[in-house]
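1. Got a sequence here, can you build the structure:
(chains A, B, C and D)
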Protein chains: 2
Amino acid sequence: MLEQSNSPLAAFDGLTFAPRQDSPIWQQIYNHILGRIESGVLSPGEQLPGENHMAARLGVTRVTLRRALQQLQKEGHLTARKGVGIFVRSPPAIFSIRDGRSFRENIDTHSGSISTVTRLLACDQADQTSARILGVAVGSAIIHLRRVRLLSEQPIYVNDKYFPAHRFPDFDRVYGERQSVSDVFRAHGIDTFRRAETRISGGFASPEEAEILQLTPGTPVFRINARNTDGTNDTIEWTRGCWPLTSVEFVFGPS
Amino acid sequence: MLEQSNSPLAAFDGLTFAPRQDSPIWQQIYNHILGRIESGVLSPGEQLPGENHMAARLGVTRVTLRRALQQLQKEGHLTARKGVGIFVRSPPAIFSIRDGRSFRENIDTHSGSISTVTRLLACDQADQTSARILGVAVGSAIIHLRRVRLLSEQPIYVNDKYFPAHRFPDFDRVYGERQSVSDVFRAHGIDTFRRAETRISGGFASPEEAEILQLTPGTPVFRINARNTDGTNDTIEWTRGCWPLTSVEFVFGPS
DNA sequence: CAGTGGTCTAGACCACATG
DNA sequence: ATGTGGTCTAGACCACTGG
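-> A predicted model of the protein is given here:
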């Protein structure tokens, strides 16, 4: 019964989609909504009308509408929460990450407020993979740190870091005080460390990753896998990270 | 009417999908087909039965079946050609590309036959972007080279390379003889060149890219963007490339 | 021409989150 | 209890490809 002109539904008023004009209807809907997002008519965090409402306004079936919505979700423009609604995600602005720089050095070249959330700090036993990479015995203690990075309140990066526990007896205390891995390194006498290897691959967000990053499961993502070493080339950190595909660009080369 | 046991249709015999057991039917179908591909029951290049046949055998609607097929296409396992059929793509094996190495040095560490197809060799006028990157005047002549790389007959990489024409007067002849960009460089007195910058981003295959790579349009891809410079740090090559997301892993760091 | 995949409709039931 | 998005059905028409 609502007929307010400020409702998001108004964005879907008075539209006709010439059937089979030259592009599929779902693509026309896709372009229409994308335009509304990029032009700011629909702003980040805003909730869209229900699918039934939108489909009715657009004069199409829910199935057709959903085809457009799904593409927008895969591209990171929208995110859907079951039983709740569909929301506009942060604009997938290109976020350049230059290798060899710390996260903070990278983000300082961008506008927008960045924050970090520590989701987990625990002590695990090394499995075969982590033991090999960290150069420790299987079953020995390793520190597991999971953090999420937010850009303008939107999660854009989740990573898991693993450290050999024997190298960092004061990890909990120092990290608890400073929330900084670099500071933990320094507190344990490691002043110089470097990125030994970075691997970038692609995949699709697992349900867990999707929940953390506020994405639809199955959305394509970057997976990064990196090692940091100390001055004597011992591995002191192993990082696994996950980015939405459309939110970031990686830059390698001399700065 | 066909009831041959060797038909790909046999792979879909005797299956029941308990409705709403614990995972959606389309996911069960997805897992079933993926298993057949990874175990080799369905081999690369093989054509699947028509969607109507498969849907009937599986006891589901075409819509439900297509949901599973679409996911498999996005992941690079299947490729569909309108009016023709659905085919198994090459296994999306991880293909490691180490930065700073030539393509040939990289592929030599892998099994499988690699070939190269030159799709285009032309002389264009520099637009604003290419002029800036190559350090030439807008409108000046630049050489445009497009090549496709095939792994076991499957296209896995397409790239466009641009060169400042004035640096390579004999480009056509040398490249025509050797099909090698390195040889072109050497023939013009450039013995040492290096990768100045590599940028990796993500996107979705355009219709043109999809056709070249034999993917479904909209499939997620890596986009790479790189510059090569000569001994005096002048840019002599600009490369834009496109890989299926699931076919490659990029490795950076000291070798 | 027959078969293929691509699109679309008009319904329906479900699990989930919220008030 | 209501509304949400997620799933599924049983049809239909289309454009395209190939023999």
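
2. and the stretch 1-150 of chain A, which of its residues are near DNA strand C?
-> A:19-20, A:24-27, A:59-64, A:67, A:81-84 (CB under 7 Å from any atom of the strand). Quick note: C-beta positions are derived from backbone N, CA and C, even for glycine.

3. Sort out which of the residues you listed are in helices and list them.
-> Using DSSP state H to define helices, the subset of those located there is A:25-27, A:62-64, A:67.

4. Would you point out the most distant pair within the residues you listed?
-> By the measure CB to CB, A:27 and A:62 form the most distant pair in those, at 16.7 Å.

5. how about residue A:42, phi and psi?
-> Dihedral pair for residue A:42: phi -110, psi 120, per degrees, to the nearest 10.

6. how close does it get to residue A:54?
-> 12 Å (CB to CB, to the nearest Å).

7. tell me, what's touching these two both at once?
-> Common contacts of residue A:42 and residue A:54 (CB atoms under 8 Å, 6 or more residues apart in numbering or on different chains): residue A:48.

8. all helices for the stretch 1-150 of chain A, in order.
-> A:25-38, A:51-58, A:62-74, A:103-107, A:128-134 (DSSP state H, counting those that start in this stretch).

9. Can you show me the strands along the stretch 151-255 of chain A?
-> For the stretch 151-255 of chain A, the strands defined by DSSP state E, counting those that start in this stretch cover A:154-164, A:193-204, A:220-230, A:235-244, A:249-252.

10. Would you mind pulling the contact partners of the fourth one?
-> Right, the one you point to is strand A:235-244. A:76, A:92, A:130, A:133-135, A:156-164, A:167, A:181, A:185, A:190, A:193, A:196, A:205, A:209, A:213, A:215, A:219, A:221-230.

11. now residue A:217: how far from residue B:24?
-> Relative to residue B:24, and taking CB to CB, residue A:217 is found at 11 Å.

12. hang on, the earlier thing: which among the residues of the stretch 1-150 of chain A next to DNA strand C count as buried?
-> A:25-26, A:60, A:64, A:67 (16 or more other CB atoms under 10 Å in any protein chain shown).

13. May I see the residues you listed arranged in JSON lines, with pLDDT as well?
-> Converted to JSON lines, those look like this (pLDDT from 0 to 100):
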{"residue": "A:25", "pLDDT": "92"}
{"residue": "A:26", "pLDDT": "93"}
{"residue": "A:60", "pLDDT": "92"}
{"residue": "A:64", "pLDDT": "95"}
{"residue": "A:67", "pLDDT": "96"}
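
14. Can you tell me which of those residues is nearest residue A:176?
-> residue A:67 (47.8 Å).

15. Could you double-check that that closest one sits in contact with residue A:51?
-> No: between residue A:67 and residue A:51 there is no contact under CB atoms under 8 Å: 11.5 Å.

16. quick one: contacts for the closest residue to residue A:138 other than its chain neighbours?
-> For residue A:138, ignoring the flanking residues on the chain, the nearest one in space by CB to CB, 6 or more residues apart in numbering or on different chains is residue A:131 at 4.4 Å. For residue A:131, the contact set (CB under 8 Å, 6+ apart) comprises A:137-140.

17. which two of those lie the greatest distance from each other?
-> Between any two of the contacts of residue A:131 (CB to CB), the greatest distance is 7.3 Å, for A:138 and A:140.

18. out of the two, which sits in the busier spot?
-> Taking other CB atoms under 10 Å in any protein chain shown, residue A:138 and residue A:140 do not tie; residue A:140 has more neighbours (15 against 12).

19. shouldn't the more buried one be in contact with residue A:126?
-> Yes: contact criterion CB under 8 Å: residue A:140 and residue A:126 qualify, at 5.2 Å.

20. hey, what's in contact with both of the two?
-> With the criterion set as CB under 8 Å, 6+ apart, the contacts of residue A:140 and residue A:126 do not overlap.

21. Could you report the pLDDT at the spatially most central residue of chain A?
-> Geometric centre of chain A, nearest residue: residue A:156, 3.0 Å, by CA atoms, centre = their mean. Per-residue pLDDT puts residue A:156 at 89.

22. go on, residue A:8?
-> Looking at residue A:8, its pLDDT is 54.

23. Repeat that for residue A:68.
-> What the model reports as pLDDT for residue A:68 is 95.

24. next one: residue A:171
-> So residue A:171 comes in at 93 (pLDDT).

25. Over to residue A:113?
-> Residue A:113 is given a pLDDT of 74.

26. Leaving out the residues flanking it, which one is nearest to it?
-> In space, residue A:113 is closest to residue A:152, 5.9 Å off (CB to CB, 6+ apart).

27. burial measure for that neighbour, as a count.
-> Count around residue A:152 with other CB under 10 Å applied: 15.

28. and if you look at residue A:77?
-> By the criterion of other CB under 10 Å, residue A:77 has 22 neighbours.

29. Wait, it touches residue A:90, no?
-> No: between residue A:77 and residue A:90 there is no contact under CB under 8 Å: 9.3 Å.

30. Contact residues of chain A facing chain B?
-> A:63, A:71, A:74-75, A:94, A:99, A:195-204, A:218, A:220, A:222, A:245-246, A:248-254 (CB under 8 Å from any CB of the partner chain).

31. Mind giving me the ChimeraX select for those, buried ones only?
-> The ChimeraX selection below is limited to those of the residues of chain A next to chain B classed as buried (16+ other CB under 10 Å):
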select /A:71,74,75,99,195,196,197,198,199,200,201,202,203,204,218,220,222,245,246,248,249,250,251,252,253
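
32. DNA strand D next: which of the residues of chain A next to chain B are close?
-> residue A:63.

33. so who does residue A:225 touch?
-> A:198-201, A:239-241.

34. again, only this time at 10 Å
-> A:133, A:197-201, A:238-241, B:249, B:251 (CB atoms under 10 Å, 6 or more residues apart in numbering or on different chains).

35. Let me see the contact set for the residue of the stretch 151-255 of chain A at minimum distance from DNA strand C.
-> Nearest residue of the stretch 151-255 of chain A to DNA strand C: residue A:211, at 9.6 Å (CB to the nearest atom of the strand). Counting by CB under 10 Å, 6+ apart, residue A:211 touches A:81, A:155, A:158, A:205, A:217.

36. can you check residue A:128 too?
-> Residues near residue A:128 by CB under 10 Å, 6+ apart: A:138-139.

37. let's see it at 7 Å
-> residue A:138 (CB atoms under 7 Å, 6 or more residues apart in numbering or on different chains).

38. and it, how far is that from residue A:134?
-> 11 Å.

39. same check, this time on residue A:24
-> 50 Å.

40. for residue A:142, same thing?
-> 6 Å.

41. which residues are in contact with both of those two?
-> A:126, A:162, A:164.

42. Now distance to residue A:148, neighbour count and pLDDT too, for those, in CSV please.
-> Converted to CSV, the shared contacts of residue A:142 and residue A:134 look like this (distance: CB to CB, whole Å; neighbours: other CB atoms under 10 Å in any protein chain shown; pLDDT from 0 to 100):
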residue, distance to residue A:148, neighbour count, pLDDT
A:126, 24, 20, 94
A:162, 17, 22, 96
A:164, 24, 22, 95
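
43. Using JSON lines, lay out these together with distance to residue A:115.
-> Formatted as JSON lines, these follow (distance: CB to CB, whole Å):
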{"residue": "A:126", "distance to residue A:115": "31"}
{"residue": "A:162", "distance to residue A:115": "23"}
{"residue": "A:164", "distance to residue A:115": "28"}
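
44. what stretches of the stretch 51-200 of chain A score poorly on pLDDT?
-> A:91-94, A:99-112 (pLDDT under 70).

45. Nearest to DNA strand C: which residue in it?
-> For the stretch 51-200 of chain A, CB to the nearest atom of the strand, closest residue to DNA strand C: residue A:83, 2.7 Å.

46. measure the closest residue to residue A:188 other than its chain neighbours to chain B for me?
-> Once flanking residues are discounted, residue A:188 sits nearest to residue A:168: 5.4 Å by CB to CB, 6+ apart. Distance, residue A:168 to chain B, using CB to the nearest CB, to the nearest Å: 23 Å.
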